[in-house]
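In: Structure, please.
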Amino acid sequence: MFRPTRYHHGMPIESTRGRGATRNDSPARFNLRAHVADGDWLDQVEAIDGVAPRRTTVSIERPKTILTRNSSPDIGFDRSVNPYRGCEHGCVYCFARPTHAYHDLSPGVDFESRLFAKPDAPRLLHETLGRKGYAPAPIALGTNTDPYQPIEGRWKVTRGVLEVLVDCDHPFTITTKSDRVLRDLDLIAAAARKKLAAVALSVTSLEPRTHATLEPRAPAPRKRLEAIRQLAAAGVPVYLSVSPVIPHITDHEMEAIVAAGAAAGARSAFFLPVRLPHEVAPLFKDWLETHYPDRARKVMATIRELRGGRDNDPEFFSRLRGTGVWAELFQRRFAKACRDAGLSRQKFALNCALFRAPAGDQLRLL
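Out: I've put the predicted structure just below:
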């Protein structure tokens, strides 16, 4: 029997089923009141009447600048471009989730369903690269949210950014969990032939059940491995990113993922232990209790051992490696797995000498 969608304060009550986060609290850091159950019938509406599936919406963001600079001593790049804010892949562990709080949106389900696109990104980048005195260095794409999340298929902002970079021989790196990167293989391969491009494919788990709950809307691991294969065959240097490693959830797969990535054609590899900054920690704990209640306490106890007794360690260098016995164990296992698979752990050197400032004030029509 058809049941009409219920509404609350003019907005449809939406299900979070199929999303990564299991909750959608308001960002308390910015003094917004959290949404809590108050005994109203609306708290039970999904069980009573069913609810509308949560739809992904995209708003246009008009930033004044697009190149983000950083001076972090433990990060291997000093500039990045993020074509989107929020990410539909829904990875529950995503360290970028807290940025949604700046828009008075929840780092929970809002982060993966209330998205922002920056269609002016190519124009802004063109202007930046054309400024007098600009000194080139590799620009990183995918440092905050995935540049090849599903909405890129429609908006093509990442494609536009790459066109600008390739047009003026500017070096760049891409980090993604998506085989959608292959759509732009023509641009990436052309840049790679000049030592201007490298791609990192992140593979977190090879197990379907783990992938389905951990990264519900990201492409399947087999698709990512196939993307590594096709990128490598086209001459693009590819990193395998085994990130994040989550103790007692994915760490047992480390060796298998490294072997699979090497067999697909990756030439170098790195890993990062899971990070839980700000609102990510309570979201992750709730996810554990929902999907892995049998080991939730054990997982968090080990994470705290990795993080100096805290849920998260924000300190430079240690935040990317962890500390203590577990961190040392992961480092040794990963190093051995790379040796056994014949994978390097070195960075690919990109060429900055070919850069040509874009000509004129307007984007060239490609």
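
In: Strands along the stretch 151-300 of the chain, start to end?
Out: For the stretch 151-300 of the chain, the strands defined by DSSP state E, counting those that start in this stretch cover 172-176, 197-202, 238-245, 268-273.

In: Provide the contact partners of the shortest one at residue level.
Out: The contact list for strand 172-176, computed with Cβ atoms under 8 Å, 6 or more residues apart in numbering, reads 77, 138-143, 146-148, 162, 165, 181, 188, 191, 196-202, 241, 350. Placement of C-beta: from N, CA and C, glycine included.

In: Swap in 7 Å and give it another go.
Out: The contact list for strand 172-176 (Cβ atoms under 7 Å, 6 or more residues apart in numbering) reads 138-143, 146-148, 165, 181, 196-202, 241.

In: and that strand, what's its mean pLDDT?
Out: For strand 172-176, the mean per-residue pLDDT is 98.

In: Which strands border that strand, and is each parallel or antiparallel?
Out: With DSSP bridges as the test, strand 172-176 is paired with strand 139-141 (parallel), strand 197-202 (parallel).

In: Name the nearest residue to Gly160, ignoring sequence neighbours.
Out: Using Cβ to Cβ, 6 or more residues apart in numbering and skipping the chain neighbours, the partner closest in space to Gly160 is Pro122 (3.5 Å).

In: A helix includes that neighbour, no?
Out: Yes - under DSSP: H, G, I helix; E, B strand; the rest coil, Pro122 sits within a helix.

In: in terms of contact, does it touch Arg159 like I think?
Out: No - judged on Cβ atoms under 7 Å, Pro122 makes no contact with Arg159 at a distance of 8.7 Å.

In: who has more neighbours, the two?
Out: Between Pro122 and Arg159, counted using other Cβ atoms under 10 Å, the more crowded position is Pro122 (23 against 18).

In: so the residue nearest to Gly324 when sequence neighbours are not counted, which of the three states?
Out: Of all residues not flanking Gly324 in the chain, Glu305 sits nearest, at 5.4 Å (Cβ to Cβ, 6+ apart). At Glu305 the chain is in helix, as set by three-state DSSP.

In: so how far is Pro247 from Glu305?
Out: Relative to Pro247, Glu305 is positioned 9 Å away (Cβ to Cβ, to the nearest Å).

In: which of the two has more neighbours?
Out: Pro247 (22 against 16).

In: Test my guess that that one contacts Thr302.
Out: Yes - under the criterion of Cβ under 7 Å, Pro247 makes contact with Thr302 at 4.0 Å.

In: which residues touch the strand or helix carrying Arg319?
Out: For Arg319, the host element (DSSP states H and E) is helix 318-321. Under the criterion Cβ under 7 Å, 6+ apart, residues 74, 272, 275, 313, 327 lie in contact with helix 318-321.

In: Apply 10 Å and report the result again.
Out: Here helix 318-321 makes contact (Cβ atoms under 10 Å, 6 or more residues apart in numbering) with 72, 74-75, 95, 243, 270-273, 275, 277, 306-308, 312-313, 324, 327-328, 330-331.

In: List only those of those flagged as buried.
Out: Neighbour counting over the contacts of helix 318-321 (16 or more other Cβ atoms under 10 Å) leaves 95, 243, 270-273, 275, 277, 306-307, 312-313, 327, 330 as the buried ones.

In: before we move on, back to that, and for Pro247 and Thr302, which residues touch both?
Out: Any residue near both Pro247 and Thr302 by Cβ under 10 Å, 6+ apart counts here, and that gives 273, 295, 326.

In: From the residues you listed, pick the one nearest Ile228.
Out: Nearest to Ile228, judged by Cβ to Cβ, of those is Pro273 at 22.1 Å.

In: What is the neighbour count of the residue nearest to that closest one when sequence neighbours are not counted?
Out: If the residues on either side of it in the chain are set aside, Pro273 comes closest to Gly322, at 4.4 Å by Cβ to Cβ, 6+ apart. Residues lying near Gly322 (other Cβ under 10 Å) number 25.

In: I'd say Gly322 and Gln331 touch.
Out: Yes - counting by Cβ atoms under 10 Å, Gly322 does reach Gln331; the two are 8.6 Å apart.
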